[in-house]
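Undergrad: give me a 3D structure for the following:
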Amino acid sequence: PKVTSGAERIHDLNPDVNVVQHQTWLTSDNVMEILEPYDIVINGCDNFPTRYLVNDACVFMKKPLVDGSILFFEGQATVYLPGQGCYRCLYPAPPPPGMVPSCAEGGVLGSVQWGGGTPSQLGADRLLIVGQRIKALFDRRCGAETSLEIDPRYCDDELVDTLAAIGVTRASLGVQDFDLSVQSAINRLQSFEATRSSLDRLRAAGIRRSNIDLVYGLPLQTLDTLARTLDQAVALAPDRFAVFAYAHVPWMKAHQRLIDTASLPAAGERAAMAELVREKLLLAGYVQVGLDHFARPADPLARALDEGKLRRTFQGYVADESPWVIGIGASAISSLPRGHTQNLADTAAYMQAIEAGGFAVARGVAVDADDRLRGDIIGQLMCGYVAEVGDACRRHGVAPDAFFGGIGALDGLQRDGLVVVDHERLVVTDRGR
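TA: Here you go, the predicted model:
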């Protein structure tokens, strides 16, 4: 709750302050009673009805009011003395809907994802330092999720206690495959028992939301071994699965040069594996979310899919509506309203840039109006296999007919039965999926 979060933040700043918590909504029925014992009222609420309510109560009770607000990187504080003006005097009516950014757009930190590798390998002490630093520097949105990618092979009691202490609410466990021959081929030995023990520790510590990451198309993997892995993974009862196709790119990842390409499944078998994953997880009661995720029906991802709020970012599918993704750390990618940036991949160079007091950005791409339109449509296709192209075009000031006419490959995709154009709607068929 916001009251508890605010009390904790005040205590962090000054432990000698006595904080009296009122765990209730402020209404016209209780505002006078709650404010009466105090000589000065400081108003930092985040909605206009409450802001006007507090102002009116202070005017009536002749109490000084200190009014504060923030927007992005700017803040404002105003003092109203009894009989010398008030908030309603300056602003007789609130601004129209949509004019003022929401908390998701205006500087309150939403979800935090520790990933892009295995941050649990930092160790408990370093994780605690970084987690406490984030807590001290940023205000968090109430109920925002904190997730962390974990290697189950290195998930002991000390690490789990630290994750609980820094507020982790969801753990993502990398598995890939439980078959020993497949694990040996990719040089990642990880037993089912070790993974189950890690999940048990996390759940006992109160970290009850969990994801499991699997991969199909791995060396020596067959439909039979994949089926056994899926059965074992379902038995662990995670809230979500992310199941990715293995990408063999030895020119980018040197360690993949050690893999015998003859041991990789052929294209037809990979397609059958993808269908096996879908069948097994749907039968187990999961909902398919986008291209490669599966979630329980009550999970926030599944609910976002039903409500049309699902989004795809560099971090995968998310239910968070914030337009900002700030990447921290070597090679991290940020997604901003005006474009995308990527940090330096070399850790030493990244640290040197940060210690010099600058940014560690290696490259960036600015987006223009056409990019935003195409990004809107691509996002719809990746999240729901349907794009309301006409609506998207009108939102971005483009004629739908002109946009459709500029997609040269669309006729071929329709002839192959991969997509259907229904008036101004683009639909990916079952075959296309």
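Undergrad: what is the neighbour count of residue 5?
TA: Residues contacting residue 5 under the criterion other C-beta atoms under 10 Å number 13. The C-beta positions use only the backbone N, C-alpha and C, and glycine is treated the same way.
Undergrad: so it sits in a strand?
TA: No. Assignment of residue 5 by DSSP: H, G, I helix; E, B strand; the rest coil gives helix, placing it outside any strand.
Undergrad: verify the stated contact: it with residue 140.
TA: Yes. Residue 5 is within contact range of residue 140, at 6.9 Å (criterion: C-beta atoms under 8 Å).
Undergrad: ok, the helix or strand hosting residue 426: who's next to it in the sheet?
TA: Taking DSSP states H and E as the criterion, residue 426 maps to strand 425-428. Using DSSP bridges, strand 425-428 pairs in its sheet with strand 386-388 (antiparallel), strand 419-422 (antiparallel).
Undergrad: just list the residues touching the spatially most central residue of the chain, thanks.
TA: The chain has residue 318 as the residue nearest its centroid, 4.8 Å off, counting by C-alpha atoms, centre = their mean. By C-beta atoms under 8 Å, 6 or more residues apart in numbering, the contact set of residue 318 is 111, 301, 304, 310-312.
Undergrad: contact partners for residue 369?
TA: 396-397.
Undergrad: mind checking the SS state of residue 197?
TA: What three-state DSSP gives for residue 197 is helix.
Undergrad: touching, residue 265 and residue 276? I think so.
TA: No. Residue 265 is beyond contact range of residue 276, at 11.5 Å (criterion: C-beta under 8 Å).
Undergrad: neighbour count for these two, which is higher?
TA: More crowded of residue 265 and residue 276, by other C-beta under 10 Å: residue 265, with 20 against 17.
Undergrad: against residue 418, how distant is the spatially closest residue to that one that is not a sequence neighbour?
TA: Excluding the flanking residues, the one nearest residue 265 by C-beta to C-beta, 6 or more residues apart in numbering is residue 217, at 5.5 Å. Distance, residue 217 to residue 418, by C-beta to C-beta, to the nearest Å: 21 Å.
Undergrad: same thing with residue 406?
TA: For residue 406, the distance to residue 418 (C-beta to C-beta) stands at 19 Å.
Undergrad: compare those two (neighbour count), which wins?
TA: Higher neighbour count among residue 406 and residue 418: residue 418, with 14 against 10, using other C-beta under 10 Å.
Undergrad: can I get stretch 406-414 in CSV, CA atoms only?
TA: C-alpha atoms of stretch 406-414 as CSV (Å, rounded to 0.1, in the frame of the first residue of the first chain):
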residue,chain,number,x,y,z
GLY,A,406,3.1,0.3,-49.8
ILE,A,407,3.5,-3.3,-48.6
GLY,A,408,4.9,-5.0,-51.6
ALA,A,409,5.0,-8.6,-50.2
LEU,A,410,1.4,-8.6,-48.9
ASP,A,411,-0.1,-10.2,-52.0
GLY,A,412,2.3,-13.1,-51.8
LEU,A,413,1.6,-13.6,-48.1
GLN,A,414,-2.1,-13.8,-48.9
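Undergrad: shaky segments in the protein?
TA: Along the chain, segments meeting pLDDT under 70 span 1, 72-73, 98-99, 101-108, 116-117, 142.
Undergrad: so residue 362 sits against residue 353, correct?
TA: No. With contact defined as C-beta under 8 Å, residue 362 does not count as touching residue 353 (9.3 Å).
Undergrad: can you list residues touching both of those two?
TA: The overlap between the contact sets of residue 362 and residue 353 (C-beta under 8 Å, 6+ apart) consists of residue 344.
Undergrad: need the helices for the stretch 51-200 of the chain, in chain order.
TA: 87-90, 124-137, 157-165, 180-185, 192-204 (DSSP state H, counting those that start in this stretch).
Undergrad: how about residues contacting the second one?
TA: For helix 124-137, contacts defined as C-beta under 8 Å, 6+ apart pick out 12, 109, 112, 119-120, 122, 158-159, 161-163, 165-167.
Undergrad: kindly recompute the last result at 7 Å.
TA: Helix 124-137 is contacted by residues 12, 112, 119, 158-159, 162, 165-167 when judged by C-beta atoms under 7 Å, 6 or more residues apart in numbering.
Undergrad: what do you get for the fourth one?
TA: Among residues not part of helix 180-185, those counted as contacts by C-beta under 7 Å, 6+ apart are 177, 189-190, 218-221, 225, 259, 263.
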